[in-house]
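1. here you go, sequence then predicted model.
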Amino acid sequence: MNPSGRRAMWLAAGAALLAGISIGLWLGLRPASVAPPAVEAITIATNTDYLGACPVVAARDQGYFDAHQLQVQLQPHSSGKQALAAVLSNKADMATVADIPIAFAALNGTPIQIFGTIFRTGGDHGVVARRDHGVNQMADLKGKRIGVTLTTSGHFALDVLLNRLRLDTDDVQLRNYAPDRLLPALLAGEVDAVSGWDPFLGLMEQQLGANALRFSGQDSYESIYNMVAPNAYLKQHPQTIVRLLRALEQGERYCREHPATAAAFLKRLTPEGRAALLAAWPQHHFGLELDQSLLLVLEDQSRWAIKQGLSSARDVPNFLDYVYLDGMKAVSPVEMTIIF
């Protein structure tokens, strides 16, 4: 073989050797493939008749939970108070719940934490009264029998409305009912008015027709709807919470952008009620957040509960102890404005 041929052969062999070394180094240094997380089963106690549950229902129905390796079962309840009770009795892993039951849980020292807010609205609480029981304006509520679910947002919203009239709960006769018993009580005439939230209030208006008179709490109370879980669960499942929040972020976006299809889960609505709900949809806020204002609201509600003698506690809790920040920090830090 001539010199030029030998040189070409050695160059080719060297190039092959270098290529082999490079491939070997690449194979050795590249990161190992990461196995997807195992599918995890979660039970969420929630009020599936309430508009605020839309992000959770959408995340289930649109497959967002499945995409994040979560097998979620929704356990229906008629109020956030009942949903939270299910969690505390180990019948569910977490719950959707408005602010008031959280304030009462904190006053009792219950080891729970909020790990995300999914919905806010000022338009779904209020009072529905019967005109034939002598209620034709808000001032006529004085002395009347008012049905309410005590220690819920309906109770707090009623107190705020009464304060606007320069009245308090001693100026009316409160009757305690479970949320799903308020409508039968009003229809049967056991009470003159009912304080609560939609869809129950909307159903009362439909049943009473022209005999119904509704007073809105829109200017006085904003309902803040949250995801809550026991401290121990959050500590033991940090990555599960991150995956869950990412699915809920998709769910709340779906509720914002597709109101007509998103509202389909509210089975009890009549066509007229559905039309009214969709017309009011822009007034509601779907969004995943943890905002400092929530802590201020919980502090105010705790002071109210103590003043009303609804709790044996004497001091307002430090609500920083009742929020779990790590999940929102990982998923949407810009929407996490808690000062700590």
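-> Yes, it's here. Numbering: from 1, shown residues only.
2. helices of the stretch 201-340 of the chain, start to end?
-> 231-236, 238-257, 259-262, 271-279, 292-307, 326-331 (DSSP state H, counting those that start in this stretch).
3. tell me which of those lies nearest to Glu190.
-> Nearest to Glu190 among the helices of the stretch 201-340 of the chain is helix 271-279 (23.7 Å), distances taken as C-beta to C-beta. Using the backbone N, CA and C atoms, a C-beta is placed for each residue, glycine as well.
4. how much space separates Thr110 from Gln71?
-> 27 Å (C-beta to C-beta, to the nearest Å).
5. neighbours around the residue nearest to Leu277 when sequence neighbours are not counted, how many?
-> Of all residues not flanking Leu277 in the chain, Ala263 sits nearest, at 6.0 Å (C-beta to C-beta, 6 or more residues apart in numbering). Using other C-beta atoms under 10 Å, Ala263 has 17 other residues around it.
6. cool, and Pro184?
-> Pro184: 12 surrounding residues under other C-beta under 10 Å.
7. again with Ala210
-> Neighbour count for Ala210, taken as other C-beta under 10 Å: 7.
8. chain neighbours aside, what residue packs nearest to it?
-> Nearest non-adjacent residue to Ala210, counting by C-beta to C-beta, 6+ apart: Arg131, 7.7 Å away.
9. how many neighbours does the one you found have?
-> Using other C-beta under 10 Å, Arg131 has 13 other residues around it.
10. with the one 3 residues further on instead?
-> Other residues near Gly134 come to 12 when the count uses other C-beta under 10 Å.
11. please name the nearest non-neighbouring residue to it.
-> Asp140 (6.0 Å).
12. ok, the one you found to Ala193 distance?
-> On the measure of C-beta to C-beta, Asp140 and Ala193 end up 9 Å apart.
13. between these two, tell me which one has more neighbours.
-> Per other C-beta under 10 Å, whichever of Asp140 and Ala193 has more neighbours is Ala193, with 25 against 17.
14. phi, psi for the more buried one please.
-> The phi/psi pair for Ala193 (degrees, to the nearest 10) reads phi -160, psi 170.
15. repeat for Lys267
-> Per-residue torsions, Lys267: phi -70, psi -20 (degrees, to the nearest 10).
16. for it, give me the pLDDT.
-> Here, the pLDDT recorded for Lys267 equals 84.
17. Ala157 now?
-> Ala157 is assigned 89 on the pLDDT scale.
18. for the residue lying closest to Gly327 once chain neighbours are set aside, what are its contacts?
-> Leaving out its chain neighbours, the residue that sits closest to Gly327 by C-beta to C-beta, 6+ apart is Ile241, at 4.1 Å. Applying C-beta atoms under 8 Å, 6 or more residues apart in numbering, one finds that Ile241 lies in contact with 115, 229, 234, 324, 326-327.
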